[in-house]
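Asker: A predicted structure for the sequence below; I have some questions about it.
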Protein chains: 2
Amino acid sequence: MNDNLTVLKYGGSSVATIDKIKEVAKYLKYRSDKNGKLVIVVSAMGATTDSLLANIHEITKNPDDEHVATLLSTGEQQTISYLAMALKDLGIKAKPLTGFQAGIKTTKENMKSSIASIDKEKLEALLEKNDVLVVAGFQGINDDQEITTLGRGGSDTTATALAATLDCPCEIYTDVSGIFVTDPRMYTDAKKLDMISYEEMMEMAFLGANVIETRSINIAMNYNIPLYIAKTLSKEKGTWIVSDENLLEKHIATGITLDDEVIQVNIKYGAYDPALTKSIFSLLEKNNISIDMISQTESAEDNYYTFTAKLEDKRRLTKTILTLKKDYPEIEVKLKEDFVKVSVIGAGMMDTPGVISRIFQTVIENDIRIHQISTTGISISCLVKQSEGETATRLLYEEFALEKE
Amino acid sequence: MNDNLTVLKYGGSSVATIDKIKEVAKYLKYRSDKNGKLVIVVSAMGATTDSLLANIHEITKNPDDEHVATLLSTGEQQTISYLAMALKDLGIKAKPLTGFQAGIKTTKENMKSSIASIDKEKLEALLEKNDVLVVAGFQGINDDQEITTLGRGGSDTTATALAATLDCPCEIYTDVSGIFVTDPRMYTDAKKLDMISYEEMMEMAFLGANVIETRSINIAMNYNIPLYIAKTLSKEKGTWIVSDENLLEKHIATGITLDDEVIQVNIKYGAYDPALTKSIFSLLEKNNISIDMISQTESAEDNYYTFTAKLEDKRRLTKTILTLKKDYPEIEVKLKEDFVKVSVIGAGMMDTPGVISRIFQTVIENDIRIHQISTTGISISCLVKQSEGETATRLLYEEFALEKE
């Protein structure tokens, strides 16, 4: 681990105005004096992307991905220029770098692209000559030298990938002050975590916590890079996301999440038919529909598959089912949208017997019915009625999270 | 000459709004259908650069050139994206290219940089796969992969350099409808030229016509690329700038220009002193001061050098004279700012005796005094009192330009 280097990332609302950029520069001056070399990753200034998108809308309904990526990437390029100027004004030698200048190579597609490689030697040479590198997040260049933009959470991915390449910690500054046991908008007393393991954070992100995308956590985990989430320009301590072995004790419940963007699919068919089973899951895969909480039920006459999918995939899911029904007209399919998924996440639960039982008791005692349940090594998820989701989350928070005190 | 290819350039006011960009795209669709492949060079949308500069002003008084170039280059990058989208919406396969993507290498300096080379093979390969390339003007990349911006008239230079590289004509669309014999703002009846030679246009640009910079004309002349100047989206015919041999007849006066940004310098010294002469002109060169209209006068006791310089160089000129006076305290220097330079330009004047005499007669008959006169092969310039400049220009226009009818 490189102790003389830190990657820090600031999102669009943190650099929304010239004044905010100047404030961030002042903090970075302090960090540069204290911590040595810095690599800063920034997004486009708050409203920039929206105004560029509005202009596109005036031109065409069906823009080309490359044209859009070329346009949107100017947003971050403006932020790196302004931040470098503000740093220079404070006496710091800062170098602005677009995605291609930072040597961020991506896969071919122009939008929702993925980072393929980063030019480590180039960055190290630039770090020799400068105090701070200011890198445009969310963008890169493909093998055809076309400008590309990354998928969701793109700038976080840029930051963690840079930290992984340079083997140093990565600090993500955002609107929220860290990772909470449960959503603080819902449960205002929710506790903030000082530390959480990569695995737990992955589960939490996957199960509905929106602070950081799984892609970034995955990179940090693979390269064992400490990831810090905190509020921009706040003195409040944030949350470190680190490897399991750095955690002093494993909690049963590190997090309780509520995901209300789920759809439950129930497929009823007759006698067991391996060809049908294969068809269902290969069609879902082919149509790029992620599924979760699969359960299978067999009875004398009928067999059932039940699983959940993301609400945003509903259109593709419906099409997939229509295709399936052409080949298997006898099957019955039900889609239910009035469920939400409540999950308890904690690396300690696999060593603690009876967690499922405690979940059932807590929920059922309060007249809430669990319609489906599934488990992974470090999480247990339950489907409950939408109207009962918040209550179930609170009950589970009180049952598990508060016992840690 | 490549007949199936044209470079067209649109400046900032031609692409000032999304609506204007869409109108330009419609015209380019027509040209693409009619003329084959096109390379379009665009500037930043009208007000973009000003708003970026205003933001810089909020951050620092002393920005770094590289930071400024990185910022300003986003302006053209946005225009190429929008224009490519608008072209695609009309069914044209258009590829947006930033300076570095177009392979435009420049010299090292980040601002006021010069084009060093253009990647011809890359552009030809891209032209195979696309109908139209849309290239960001005014920008390039240096050997350190830093973004650079070109000097004055930068986008015109990009366009002519691309045409020179690809060996095809270059059309510059702008606010004015072509090259006029004399400034149409001053002399509203001024005739527009159908054709003018590179050499004459160079003289006119050098002597005060602001339509196009000498840099672009120079490139076109060196590579023998026809250059066309016309008004954006107008049906009015513009002016072709071509080689001398393409002109059917050489006019005595192709143009009459008025330059009111001149300063006259008069140096009086004693006996002839070669060391002093060397000092004067080497100091001027070292301080990057262009001079014009040099004349030398010798008398029994005293010797004089008289020349003109640009008003914008006044500060540096004054400093240079102070340096000179340290070594030669005996010299007397006068700076006069109340003169203007009126010039008659025409490739035909070297074959026509008596042009100087006609100039003197025309001007003197109207009680205007010529304070200094100088000639090149294709131009004659006179210094007259500022208050008499417009009258002298009109008189000379009537004497020479109207006889061509």
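Answerer: Nice, I can see it. Residues are numbered from 1 along each chain as shown, chains lettered A, B, ... in the order given.

Asker: okay, now the closest residue to A:K319 other than its chain neighbours: neighbour count?
Answerer: Excluding the flanking residues, the one nearest A:K319 by C-beta to C-beta, 6 or more residues apart in numbering or on different chains is A:N287, at 7.1 Å. Backbone N, C-alpha and C define where each C-beta goes, glycine included. Number of residues near A:N287 (other C-beta atoms under 10 Å in any protein chain shown) recorded here: 13.

Asker: which residues touch A:N287?
Answerer: The neighbours of A:N287, taking C-beta atoms under 8 Å, 6 or more residues apart in numbering or on different chains as the test, are A:R316, A:L317, A:K319, A:T320.

Asker: and for A:T74?
Answerer: Counting by C-beta under 8 Å, 6+ apart, A:T74 makes contact with A:L52, B:T74, B:Q77, B:Q78, B:S81.

Asker: which residue packs closest to the third one, ignoring adjacent ones?
Answerer: Excluding its sequence neighbours, the residue lying closest to B:Q77 (C-beta to C-beta, 6+ apart) is A:T74, at 4.9 Å.

Asker: show me the shaky parts of the stretch 301-405 of chain A.
Answerer: Scanning the stretch 301-405 of chain A for pLDDT under 70 picks out A:402-405.

Asker: residue in it with the shortest distance to chain B?
Answerer: A:R315 (25.4 Å; C-beta to the nearest C-beta).

Asker: now the buried members of the contacts of A:T74.
Answerer: Listed as buried from the contacts of A:T74 are A:L52, B:T74, B:Q77, B:Q78, B:S81; burial here means 16 or more other C-beta atoms under 10 Å in any protein chain shown.

Asker: for A:A347, grab the count of nearby residues.
Answerer: With other C-beta under 10 Å as criterion, A:A347 counts 22.

Asker: please look at it and A:M195 and confirm they touch.
Answerer: No: using C-beta atoms under 8 Å, A:A347 makes no contact with A:M195, being 11.2 Å away.

Asker: now for these two: what residues contact both?
Answerer: Common neighbours of A:A347 and A:M195 are listed as A:L247 (criterion: C-beta under 8 Å, 6+ apart).

Asker: what residues does chain A have near chain B?
Answerer: A:18, A:21-22, A:52, A:55-56, A:58-60, A:62-64, A:66-68, A:70-71, A:73-74, A:77-78, A:80-82, A:84-86, A:88-89, A:94-96, A:98, A:100-101, A:145-147 (C-beta under 8 Å from any C-beta of the partner chain).

Asker: restricted to buried residues, select those in PyMOL.
Answerer: A single PyMOL command selects the buried members of these (16+ other C-beta under 10 Å):
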select buried, chain A and resi 18+21+22+52+55+56+59+60+63+64+66+67+68+70+71+73+74+77+78+80+81+82+84+85+86+88+89+94+95+96+98+100+101+146+147
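
Asker: in helices only, show me the residues of chain A next to chain B.
Answerer: Judged by DSSP state H, the subset of these located in helices is A:18, A:21-22, A:52, A:55-56, A:58-59, A:66-68, A:70-71, A:73-74, A:77-78, A:80-82, A:84-86, A:88-89.

Asker: re earlier: in JSON lines, list the contacts of A:T74 along with pLDDT.
Answerer: Listed next are those as JSON lines, based on pLDDT from 0 to 100:
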{"residue": "A:L52", "pLDDT": "96"}
{"residue": "B:T74", "pLDDT": "98"}
{"residue": "B:Q77", "pLDDT": "98"}
{"residue": "B:Q78", "pLDDT": "98"}
{"residue": "B:S81", "pLDDT": "98"}
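
Asker: now, which of these sits nearest A:V135?
Answerer: In terms of C-beta to C-beta, no member of the contacts of A:T74 lies closer to A:V135 than B:T74, at 15.5 Å.

Asker: in the stretch 51-200 of chain A, where is pLDDT below threshold?
Answerer: The stretch 51-200 of chain A contains residues with pLDDT under 70 at A:152.

Asker: contacts only, for A:N366.
Answerer: A:N366 neighbours (C-beta under 8 Å, 6+ apart): A:T391, A:A392, A:L395.

Asker: compare those residues and tell me which has the most neighbours.
Answerer: With neighbours taken as other C-beta under 10 Å, the top of the contacts of A:N366 is A:A392, carrying 22 neighbours.

Asker: which SS class is it?
Answerer: helix (DSSP: H, G, I helix; E, B strand; the rest coil).

Asker: just the one 5 residues further on next, same as before
Answerer: For A:Y397, the secondary structure call by three-state DSSP comes out as helix.

Asker: ok, it touching A:A190?
Answerer: Yes: in this structure A:Y397 lies within contact range of A:A190 using C-beta under 8 Å: 7.2 Å.

Asker: so which of the two has more stuff around it?
Answerer: Between A:Y397 and A:A190, counted using other C-beta under 10 Å, A:Y397 has the larger neighbour count: 23 against 19.

Asker: residue contacts, the more buried one?
Answerer: With C-beta under 8 Å, 6+ apart, A:Y397 has these contacts: A:V181, A:T182, A:Y187, A:A190, A:I256.

Asker: residues near A:E399, how many?
Answerer: Using other C-beta under 10 Å, A:E399 is surrounded by 18 other residues.

Asker: does it touch A:V355 like I think?
Answerer: No: the criterion here is C-beta under 8 Å, and A:E399 misses it with A:V355 at 10.0 Å.

Asker: which residues in chain A form helices?
Answerer: Going by DSSP H, chain A shows helices at A:18-35, A:48-59, A:65-89, A:120-129, A:154-166, A:198-206, A:214-223, A:274-286, A:314-327, A:355-364, A:389-400.

Asker: right, so of those helices, which gets closest to B:E236?
Answerer: helix A:48-59 (27.5 Å).

Asker: adding distance to B:M45, write the contacts of A:T74 out as JSON lines.
Answerer: Output for these, formatted as JSON lines (distance: C-beta to C-beta, whole Å):
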{"residue": "A:L52", "distance to B:M45": "12"}
{"residue": "B:T74", "distance to B:M45": "11"}
{"residue": "B:Q77", "distance to B:M45": "11"}
{"residue": "B:Q78", "distance to B:M45": "7"}
{"residue": "B:S81", "distance to B:M45": "11"}
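
Asker: with these in mind, which one is nearest to B:K250?
Answerer: Closest approach to B:K250 among those (C-beta to C-beta): B:Q77, at 43.7 Å.

Asker: residue contacts, that closest one?
Answerer: With contacts defined as C-beta under 8 Å, 6+ apart, the neighbours of B:Q77 are A:T70, A:L71, A:S73, A:T74, A:Q77, B:P96, B:T98, B:A136.

Asker: please state the offset of stretch A:346-355 from the chain centre?
Answerer: Centre-to-centre, stretch A:346-355 and its host chain are 24 Å apart (C-alpha atoms, centre = their mean, to the nearest Å).

Asker: and that stretch, what's buried?
Answerer: Quick answer for stretch A:346-355 (16+ other C-beta under 10 Å): A:G346, A:A347, A:G348, A:M349, A:V355.

Asker: ends of it, how far apart?
Answerer: Its first and final residues considered, stretch A:346-355 spans 11 Å by C-alpha to C-alpha, to the nearest Å.

Asker: so what touches it?
Answerer: Taking C-beta under 8 Å, 6+ apart as the rule, stretch A:346-355 contacts A:197, A:199-200, A:244, A:247, A:249-255, A:344, A:377-380, A:400.

Asker: cool, thanks, talk later.
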